[in-house]
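Colleague: need a structure here:
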Amino acid sequence: MLTFGVAAGLLCGAVPNAALAQDNGAKELPAIVVVDPAKKPKRAPAKRITPTRAVSSRGTGRTDQPVQEAPAAGAGGPTPAQAALDRKMQGFDQSRDNLQPKLGASTYTIDRAAIESAPQGDNTPVDKLVLQLPGVSYDSAASNPNFHVRGEYANVQTRINGLVLPEGVSGLGPVIDTNFIGSLSLLTGTLPAQYGLRTAGVLDITSRAFSTPGGSVSVYGGSQSTITPSFDYGGSVGDTQYFFSSRGNWNNLGIENPTSSINAIHDQTDQGKFFAYVSTLLSESTRLSVISGASYSTFQIPNNPNQAPTGDFPSPITDPSTLNENEVDQYYYNIVALQTKGDLIDTQISVFSRYANVHFIPDVPGDLTFNDVASDVTRASQMYGTQFDASYEVNSAHTLRAGFMVTAEKTDVSNISTVLPVDPVSGAISPTPVTINDSNSLLGWNLGVYVQDEWKLTNQLTLNYGIRFDQLYQFVDANQFSPRAALVYKPFDGTTLHAGYARYFTPPMQAQATQSNIALFNNTTNQPDQPNNDPVLPERSHYFDVGVDQKLAPGLTVGLDAYYKIATDLIDDGQFGQAVVLTQFNYANGYSEGAEAKVKYQNGNFNAYANFAFNITRATDPVSNQYLLDGATYQFLLTNYHYTDDMQLLTGSAGASYKWDQTLFSMNMKYGSGLRSGFANMDNQDPYVTFNVGIAHEFQVFQGAKPTTVRFDVINLLDKIYEIRDGSGIGVFAPQFGARRGFYAGISQKL
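Modeller: Alright, predicted model coming up:
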């Protein structure tokens, strides 16, 4: 078991006025000048940046960081020593951004001001926050995470301050919290070569930081017996900056209700999250950072009163409302990074560890009554790894970047199933249950290395090209060379075009790709229809992406992006059985195509945004873990393309906020045309639109005191009843409805 680690944090951004910032990775490019490397002048030291909103340096992928969070009203400004430390830290932040350019990717950013200006503010869960981003569709918590990027399954990686956050093992709810986020960017499309493994999208998070000590304590709650206290604090001591945050969350709607009623049956959740970040200068050119976090959550699995007993197991339990299934999810991680910056070379190396555990606890007699099987599932995983990135500025036209990442993961997966014997001749089911233990352990490895060159062809045109190599040692051994190339063109001020190609290699998630010994279940009520269970393969794909961003007027920008993906061994996942865990499998062939439109507007204290996306994802021919599918579905999919279960044809989101004096008014909405349902996903759920509104007021209780904020929010303002899943479709076990109207209030005190 890993320890929680140390506390701390660094905000590379302050509270800018812009509600949402978007960037495709391009910049104004300097003229090309050939310089003798021996005589080349050194880069000027980083200057203090004090914009009112985030400003992007396009082309290199660097993002100039907003100022640190300003001292609260009534508090003094930073001391000269604190201001000097902050300038040095911002220089390292810019150097870190230089290591991992976003050149050619489609990038959309939510900054701290946008987070605080939305209904619920910091109390918005991360998986709900990302629904504001283009191409992100909503799904139930059982899908883990409960969102999809461009119609894909959970093929998304998270990075904190440029460091990969090791993925979990299919739990419920996010493992990180919103209140430590300084800014969050979603990268999609043709990603530069340093981004491997999960490639549908990258959640690139920058943590908060303070130059002077400060923070906040808050309590928020309301409908569904919700109460969520939180605390965060940061500052600096000597050459060290720190930030830490924590949150508890207790409510009676842990995951989506399987009925349309306001209150779910048996759906309480208790959650706790912790984050810490410490960054200290070892010298003028070296910085040591430590990130540590933890998440511990318990969930009651909500009951569906519309179930009927199978009649195979004699049990006193006849009411499905009395079932008592539960799940416990744990996630702990520690990351230590050493960063250096120089006149021409920047580097960062990190080591990390992560422990994750998901335990689904069945109601054995109840599950036998209604499902003929009760599965006690444990997925435990320990991961260790290292990540290295380096950048070398060869001359004014070329910047070389290279790096690697190696991970070792030890998974222990067990499924203790209580089943009923079946007579192989007559098919008669015995009422006397038996227990079968299907366990699997594996030490797997992922190795990746890349090299790429950022080439400034002209003042307006940049080419970023490179190649990466990935080697997988897991349930299968496989590797691939993956070329990447992207052009960014800025013909006029305010106009940016990008086009790119990427070859992707996506390994399975080891804990979700575990093979079952299906022979153990022969002649039982858990015997599968299909006898095949070939190992899950890595997905290989060709990805094409083009887009344009245009500034139409001061404060008004719009963007369009289109993409097409051709996949071999396309990975998908689903919940197959009553245990709320996901299992992966492959389709031999698949493709995905779509387009996104986005608009953002800012004028003084008014901010607004809107996104709309279209997607089609289809696949055919299951080639791994075929036993998961029933016979009729499997036979149909062998020769027919179908829509994958995570695809939603149309997705939209919008929001606006206005600050009048010390009062903030906000609203946002989401639209979905409906996820797939029915036999072989031939149908889809009904479309829906939901609205959220909020009001927050900041005031001072005492003269000279730091401000206090009170807020009131209404979620699903019109009380729209909408079904996310109806229990049909591939890999969907139970119905799930979106939350009904809820009223929430909170108070927060700055420290």
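Colleague: so who does residue 747 touch?
Modeller: By C-beta atoms under 8 Å, 6 or more residues apart in numbering, the contact set of residue 747 is 218-220, 708-711. All C-beta spots, glycine's among them, are computed from the backbone N, C-alpha and C.
Colleague: for ChimeraX, what selects the buried ones among those?
Modeller: Applying 16 or more other C-beta atoms under 10 Å to the contacts of residue 747, the buried members can be selected in ChimeraX as follows:
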select :218,220,708,709,711
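Colleague: which stretches in the stretch 301-450 of the chain count as helices?
Modeller: 364-371 (DSSP state H, counting those that start in this stretch).
Colleague: now do the strands in it.
Modeller: 326-341, 345-361, 373-393, 398-419, 434-456 (DSSP state E, counting those that start in this stretch).
Colleague: for the one helix or strand residue 558 maps to, packing partners?
Modeller: Assigned by DSSP states H and E, residue 558 falls within strand 556-574. Helices and strands touching strand 556-574, by 3 or more C-beta pairs under 8 Å, 6 or more residues apart in numbering; DSSP states H and E, are strand 539-553, strand 583-603, strand 606-622.
Colleague: strands paired with that strand, and their directions?
Modeller: Here strand 556-574 has these sheet partners by DSSP bridges: strand 539-553 (antiparallel), strand 583-603 (antiparallel).
Colleague: then the shortest one to CSV, C-alphas only?
Modeller: By that I understand strand 539-553. Written as CSV, here are the backbone C-alpha positions of strand 539-553 (Å, rounded to 0.1, in the frame of the first residue of the first chain):
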residue,chain,number,x,y,z
GLU,A,539,-5.4,-1.4,-31.3
ARG,A,540,-3.6,0.0,-34.3
SER,A,541,-5.0,3.0,-36.2
HIS,A,542,-4.4,5.7,-38.8
TYR,A,543,-5.7,9.1,-37.7
PHE,A,544,-6.2,12.2,-39.9
ASP,A,545,-7.3,15.6,-38.5
VAL,A,546,-7.7,19.1,-40.1
GLY,A,547,-9.0,22.3,-38.4
VAL,A,548,-9.1,26.0,-38.4
ASP,A,549,-9.4,28.6,-35.7
GLN,A,550,-10.5,32.2,-36.6
LYS,A,551,-10.7,35.3,-34.6
LEU,A,552,-13.8,37.1,-36.0
ALA,A,553,-13.8,40.2,-33.7
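Colleague: hmm, back to that, of the strands paired with strand 556-574, which is nearest residue 395?
Modeller: Between residue 395 and the strands paired with strand 556-574, the shortest separation by C-beta to C-beta is 28.3 Å, and it involves strand 539-553.
Colleague: quick one: contacts of that closest one?
Modeller: 22-24, 104, 106, 188-190, 199, 480, 493-506, 557-571, 586.
Colleague: returning to what we had before: average pLDDT across the strand holding residue 558?
Modeller: The average pLDDT within strand 556-574 is 97.
Colleague: do the same with stretch 368-386
Modeller: The model assigns stretch 368-386 a mean pLDDT of 96.
Colleague: looks to me like residue 142 is in a strand.
Modeller: No - Residue 142 is assigned helix when assessed by DSSP: H, G, I helix; E, B strand; the rest coil, not a strand.
Colleague: circling back to that earlier point, drop anything exposed from the contacts of strand 539-553.
Modeller: Among those, those classed as buried by 16+ other C-beta under 10 Å are 22-24, 104, 106, 188-190, 199, 496-506, 557-559, 561-563, 565, 567-571, 586.
Colleague: in space, what's closest to residue 667 - neighbours in sequence excluded?
Modeller: Among residues not flanking residue 667 along the chain, residue 693 sits closest, at 4.6 Å (C-beta to C-beta, 6 or more residues apart in numbering).
Colleague: tell me which element that neighbour is part of?
Modeller: Under the criterion of DSSP H and E, residue 693 resides in strand 688-699.
Colleague: how much space separates residue 432 from residue 373?
Modeller: To residue 373, residue 432 is 14 Å away according to C-beta to C-beta, to the nearest Å.
Colleague: between those two, tell me which one has more neighbours.
Modeller: A count of neighbours by other C-beta atoms under 10 Å puts residue 373 above the other of residue 432 and residue 373, at 23 against 9.
Colleague: so what's the more buried one bridging to?
Modeller: On the basis of DSSP bridges, residue 373 is bridged to residue 419.
Colleague: from what I can see it touches residue 417, true?
Modeller: Yes - the pair residue 373 / residue 417 is scored as a contact, 5.9 Å apart, by C-beta atoms under 8 Å.
Colleague: any shared contact partners between the two?
Modeller: Residues touching both residue 373 and residue 417 by C-beta under 8 Å, 6+ apart: residue 526.
Colleague: re earlier: tell me the angle the helix or strand just after the strand holding residue 693 makes with strand 688-699.
Modeller: Using DSSP H and E, the next helix or strand after strand 688-699 towards the C-terminus is strand 708-715. On the basis of axes from the mean of the first three to the mean of the last three C-alpha atoms, to 10 degrees, strand 708-715 is oriented at 170 degrees to strand 688-699.
Colleague: so what's the gap between strand 708-715 and the chain middle?
Modeller: 26 Å (C-alpha atoms, centre = their mean, to the nearest Å).
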